[in-house]
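Chemist: coords below, sequence missing:
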């Protein structure tokens, strides 16, 4: 949005001049579709869906390393079982007989600021620490400082904590990949410093770095701005919401009372990907 | 949904027994997330987002060939510029200052039966033809027959025609890939026969096979049922809807009158992917 | 929708002629808003919201009797506690911190065909019976006949049955008002005949006429077509959905697991409206 | 929402104690529905829909004067023609063949902070002025002061200005009714003082008080808090969104390009309500 909020002037929209407005995403001409300049039928088969998503959102084809990180980010948030409120909103919609797109839309609406919708806070939090680092503070001291500020304001530490996990396996994996692909930078270093500060707290309840925080840090280091990072959460979770809604329609009676506490998992047992897979 | 619509019995939901209900998608335990049995942190970095989507929806890791076709299917529908009604619904929501998830939800709701939401019709149409083929009719005659039936009922041919293109480049590419990956089968053969029938019509306006039809045929041949195929359209287009909403927020004034006819493309000129890309 | 589904022709939407399209609802001119021809500031204070809704949807100001019936229809479906899936979808959205409009939208999506979204079936069912009556059958015999047809097809009787009530107090009240206001006609007579048929069944579980059926019958008799009647359900329930979402935000912690079975009512005890109220 | 944002603790939702949670809105028992304590079938026919909405949201039956003001508030925002972005989102959804509830949901999502979704700003603005008045400043000086503060911050004056009208007829009517019903108080007095300040500006473009501002002021004086006032905008506009979506489906071809500038009004000419109407 333009920063200046303009007072609504009187204008007659029915007689406004036909000004052109501009779009830089996709050019449609007869028999030709250019997505950020690349013909879509050329992209098909040569870029993955994850790479194409990056291209569409950022405007350029990702490097192989960033491409692999994008796939991992998108996979990390793909589903989290039946208990998230967004998933329950989708299942409750499905049980009324509504079509799939209505269920997906209902689920997407459930990404409020407490649920994958607060990348800005995460990134601002890390940027506060990085500003101290730029002025000469160590990462450890900067981390301790920004944590103290949150606690003084009675605010939770953005990117930390989880309803369910004491160690979020997705966050750990993402950091490991960033290291291996040599794209880890200041944001990741900052959040790992905060992780150490949190771990040094008196034993009570664990407050691990969570996937929101890990994605915020990684996005910060690979140059994905907060508003685009927000989009990644939604894009990632839509397949999960769709799968959950489909399962509700396929296995359950309509108009049932859905209690998340009464679910049991009856799917495949734990298994490993074949070794030859990449 | 269960096929029998049961009469709503009197039951008191506040005192119903706590029956367990079952889910086979994702198992959540402390510090462990199993998606269809595979630990999510193992999938990260070893499967692409497209492959993970297939795994989640179908229950098994795709073969390399089917995996590549999945990527292509998901890339094919990722965006189609500013004119689709679903995109305009998203942009109109964005111009009011609504957050990204609201814009995406509004866009997702615009996949009615006239817009990527009618895979069942496509698949049924092809299945009618395949039934004739199983009884001994040639593909060409079967195609002519099912086309005639549609026209007699004054129905459009499912999977054919486009508002804008006389030859949908995405459909052609998808068929080519199916051939190269040796997954093309009866459904694709059937729709190509229909394509020939349509091409033999008196010159008037072209009615090409469109991406909906191509995806329906390919899904039929790789074993993706209609309800899952419907999900693929939504999953594919969500990045496009998100990108369009972001661009609206970033470049335009709030509360503007959005006329699709007044847009011009000012993005990257046509360009080619580097040759070394896969 | 136009009945003929046209094949999508090739046309270039960017160069289509600027044809005018027409709207008959609300005329906006500088400093003047005409809703169905009446200045909105004149309607304010002279028609109720319910009467204005009828005017907007049907195009004319309702008679006093029909106006009162409209109010009653709209009041009847205004809320039904915490258990309906649409309400749970809204509450689950609210618990993530999403704004009110997102919660309302999520709730509105939950009116699938099993939940207030099947007026057409109700009205068709009653019309089948009325056709027999027009040919000379008695209401009782016609009712028995259409009930038999449903049962033979293993279909529930549209407009009958309820998850919770053996006698839907809202349906009874609506019929009573229709009688008092002398607007009851053939549709209501038909559904009451079905009520008698259902009541004569062997004692098992009660299948009362429900509010969906009562509204369908009343709308049939006061000339509100099915598509408008569908709108009345949504319009009626939106205040309830909004109130439920607000209560969730005001009283509960964010990101909680919402189990409908664990709710207790702690509001006002049963009380009566003052006698002098109309 | 609780003011303290708590750090997400580790807890296992599958084993959380079954704590009861409370609702004060509607009590459902077999064959009985109590809305804020009143049996719904008693409310039907004795309270209007507008009065029932107030009862549900505020918890008590409104006085006759406040009841009439509620009707007027709800009527005032019921529709504003084809140009609002929320209406266009709904029409674009309708043109794809989506069902009515999807169209309504898409329209409801378009009440962002620039479009009927910023009552808080309005009320805060007026409260700033009222605080000065409580300390002894005149209404006129307080109004001039808060207007200056907005302008210094380059912020638009909340509740003022309109895309289209130089004098919003709905705002004027609402103030007139508040006066007649003797419910006008400090908030209305404050906004009328701001109106005078704005009118005294050098002639350029008019910045009238708009319906958002009028509703905010009236709600402030009749004790409706901001979050409930936000709900009234949504409740009021849903009939308009539904009517617009129905008209799109009934009169137009599917998948059309909807340009708001190309619409013409072809409905009833201007007419007057019969004098005997209340």
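Modeler: Alright, I've got the coordinates. Just so we're clear, the structure is a prediction, and the values are computed from it rather than from any experiment.
Chemist: Can you pull the phi/psi pair for residue A:33?
Modeler: phi -130, psi 110 (degrees, to the nearest 10).
Chemist: And it, what's its pLDDT?
Modeler: Looking at residue A:33, its pLDDT is 96.
Chemist: Then residue A:126?
Modeler: 96.
Chemist: wait, what's in contact with it?
Modeler: A:159, A:187, A:190-191, A:216-217, A:220 (Cβ atoms under 8 Å, 6 or more residues apart in numbering or on different chains). The way it works is simple: take the backbone N, C-alpha and C, and place the C-beta from them, glycine included.
Chemist: And for residue A:231?
Modeler: Contacts of residue A:231 by Cβ under 8 Å, 6+ apart are A:57, B:100, B:239, B:242-243, B:246.
Chemist: give me the element it is part of.
Modeler: helix A:226-251 (DSSP states H and E).
Chemist: Could you tell me the average pLDDT over that helix, please?
Modeler: 96.
Chemist: quick one: the helix or strand following that helix to chain centroid distance?
Modeler: Downstream of helix A:226-251, the next assigned helix or strand under DSSP H and E is strand A:263-265. How far strand A:263-265 lies from its chain's middle: 26 Å, per Cα atoms, centre = their mean, to the nearest Å.
Chemist: just checking, what packs against strand A:263-265?
Modeler: Applying 3 or more Cβ pairs under 8 Å, 6 or more residues apart in numbering or on different chains; DSSP states H and E, we find strand A:263-265 packed against strand B:21-23.
Chemist: residue ranges of the helices in the stretch 1-150 of chain A, please?
Modeler: Taking DSSP state H, counting those that start in this stretch as the test, the helices found in the stretch 1-150 of chain A are A:40-43, A:49-58, A:64-76, A:85-94, A:100-108, A:119-134, A:139-152.
Chemist: In JSON lines: those helices, plus distance to residue A:172.
Modeler: As requested, the helices of the stretch 1-150 of chain A are arranged in JSON lines below (distance: least, Cβ to Cβ, whole Å):
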{"stretch": "helix A:40-43", "distance to residue A:172": "32"}
{"stretch": "helix A:49-58", "distance to residue A:172": "20"}
{"stretch": "helix A:64-76", "distance to residue A:172": "11"}
{"stretch": "helix A:85-94", "distance to residue A:172": "24"}
{"stretch": "helix A:100-108", "distance to residue A:172": "27"}
{"stretch": "helix A:119-134", "distance to residue A:172": "17"}
{"stretch": "helix A:139-152", "distance to residue A:172": "18"}
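Chemist: Show the end-to-end separation of stretch A:199-212, please.
Modeler: 18 Å (Cα to Cα, to the nearest Å).
Chemist: ditto for stretch A:109-125
Modeler: Note: stretch A:109-125 ends 25 Å apart using Cα to Cα.
Chemist: just curious, which of the contacts of residue A:126 is nearest to chain C?
Modeler: The shortest gap between chain C and any of the contacts of residue A:126 belongs to residue A:159, at 15.4 Å (Cβ to the nearest Cβ).
Chemist: Not counting its neighbours along the chain, what's nearest the closest one?
Modeler: Distances taken as Cβ to Cβ, 6 or more residues apart in numbering or on different chains place residue A:213 nearest to residue A:159, at 2.2 Å, with adjacent residues excluded.
Chemist: do residue A:172 as well
Modeler: Closest to residue A:172 by Cβ to Cβ, 6+ apart is residue B:41, at 6.9 Å.
Chemist: Give me the phi and psi for residue A:267.
Modeler: Torsion angles, degrees, to the nearest 10, at residue A:267: phi -90, psi -160.
Chemist: same check, this time on residue A:30
Modeler: Dihedral angles (degrees, to the nearest 10) for residue A:30: phi -50, psi 120.
Chemist: sorry, back to before: please indicate which of the contacts of residue A:231 are buried?
Modeler: A:57, B:100, B:239, B:242-243, B:246 (16 or more other Cβ atoms under 10 Å in any protein chain shown).
Chemist: Give me the distance between the nearest residue to residue A:108 once chain neighbours are set aside and residue A:40.
Modeler: With Cβ to Cβ, 6+ apart as the criterion, residue A:108 has its nearest non-adjacent residue at 4.6 Å, and that residue is residue B:105. Residue B:105 is 25 Å from residue A:40, where distance means Cβ to Cβ, to the nearest Å.
Chemist: Tabulate the buried ones among the contacts of residue A:231 (CSV), appending distance to chain D.
Modeler: Supplementary listing: the buried ones among the contacts of residue A:231 in CSV, determined by distance: Cβ to the nearest Cβ, whole Å:
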residue, distance to chain D
A:57, 21
B:100, 11
B:239, 19
B:242, 14
B:243, 18
B:246, 15
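Chemist: quick revisit: residue C:95: which of the helices of the stretch 1-150 of chain A is closest?
Modeler: Of all these, it is helix A:85-94 that lies closest to residue C:95, at 5.0 Å by Cβ to Cβ.
Chemist: I'm done for today, thanks for sticking with me.
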